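1. Return a 3D structure for these sequence lines:
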Amino acid sequence: MLENPRSPRVRAVAKLTKRSARKETGLYLLEGPQAAREALAFQPGTVVELFATPAALEKHTDIRDAAASAGIEPVYTTEPVLDAMADTVTPQGIVAVARQAPTSVREIFAGSPRLVAVCEEVRDPGNLGTIIRAADAVGADAVILTGNTVDPYHPKVVRSTTGSLFHLPIAIGADLETVVELAHAAGVRVVAADVGGEDFLARREILAEPTAWVFGNEARGLHDEAVSLVDMSMRLPIYGRAESLNLATAASVCLYETAFAQRAD
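-> Purely as a prediction, here's the structure:
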């Protein structure tokens, strides 16, 4: 039983709330039963440690069994220890540590994708997590993070994906120009969501073809160079009095409309 919240092992896990430690170790935190459950179900080889209270594993026997199948021996601990490890106030009795498992952009486009979400300079963890979740919900083939986009292994991103992080390929570290080149080579049109673009309703029929959507920074949108790289830009109409849509909301609409168009037949 691990009982000391100040032990070196606990401090080492807690450091994974910081990007520097995640970058140095290649590891990240999974907080709560949902994240642990989805990681063990879809990427079991990436989970390296599982910390839990006895009560939590008695309640979530599926997690205990999945860990055993993956060859992971749970480390029993206390709520104060888990609180010391986690970024959240209440990790619900379970914290896990996993290896980062990003996919390469080349691998994504080699698979002839039909729908891809590209996040360029997206900085808010909640927005990125919601976009990943929406991409998963619409059946997108992958999510690609370019520019200075927030770390997908940030604890808030992991939590806000509610498990979708483990359901589809995530590529990080590519530049947008390379993404566009690879998309074109794979026969994928690159479309930017941009307030200066064409009216969405006027051109929505083209979304039935393979499409990579590019979503920009929450405050600034896409910079001019990024817009110049894509095949076209589209904007969502606003019929009411709202000044704009939240980035994740707009991205969800774009992704769903594309999924509808591609599945219409």
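2. Which residue ranges of the stretch 51-200 of the chain form strands?
-> 75-76, 94-99, 115-120, 142-146, 170-174, 189-199 (DSSP state E, counting those that start in this stretch).
3. now for the second one, which elements pack on it?
-> When contacts are defined as 3 or more C-beta pairs under 8 Å, 6 or more residues apart in numbering; DSSP states H and E, strand 94-99 packs onto strand 27-31, helix 33-42, strand 47-52, helix 79-85. Backbone N, C-alpha and C define where each C-beta goes, glycine included.
4. distance of residue 104 from residue 236?
-> 31 Å (C-beta to C-beta, to the nearest Å).
5. Repeat that for residue 208.
-> Taken as C-beta to C-beta, the span from residue 208 to residue 236 is 18 Å.
6. quick one on the thing from earlier: so can I have JSON lines of the strands of the stretch 51-200 of the chain showing distance to residue 65 and mean pLDDT?
-> Converted to JSON lines, these look like this (distance: least, C-beta to C-beta, whole Å; pLDDT from 0 to 100):
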{"stretch": "strand 75-76", "distance to residue 65": "16", "mean pLDDT": "98"}
{"stretch": "strand 94-99", "distance to residue 65": "14", "mean pLDDT": "98"}
{"stretch": "strand 115-120", "distance to residue 65": "33", "mean pLDDT": "99"}
{"stretch": "strand 142-146", "distance to residue 65": "30", "mean pLDDT": "98"}
{"stretch": "strand 170-174", "distance to residue 65": "27", "mean pLDDT": "95"}
{"stretch": "strand 189-199", "distance to residue 65": "42", "mean pLDDT": "92"}
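7. okay, those strands, which one's buried deepest?
-> strand 115-120 (a mean of 27; mean count of other C-beta atoms under 10 Å).
8. related to what we said a few turns ago, distance to residue 24 for the strands of the stretch 51-200 of the chain - can I get that in CSV?
-> Formatted as CSV, these follow (distance: least, C-beta to C-beta, whole Å):
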stretch, distance to residue 24
strand 75-76, 22
strand 94-99, 13
strand 115-120, 24
strand 142-146, 19
strand 170-174, 16
strand 189-199, 34
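9. So which of these is nearest residue 18?
-> strand 94-99 (13.9 Å; C-beta to C-beta).
10. Identify the residues contacting that closest one?
-> Strand 94-99 is contacted by residues 13, 16, 26-33, 35-36, 39, 43, 46-53, 56-57, 60, 63, 82, 85-86 when judged by C-beta atoms under 8 Å, 6 or more residues apart in numbering.
11. If any of these are buried, give me the PyMOL selection for them.
-> Selection of buried members from the contacts of strand 94-99 for PyMOL, criterion 16 or more other C-beta atoms under 10 Å:
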select buried, resi 13+16+27+28+29+30+31+32+33+35+36+39+43+46+47+49+50+51+52+53+56+57+60+63+82+85+86
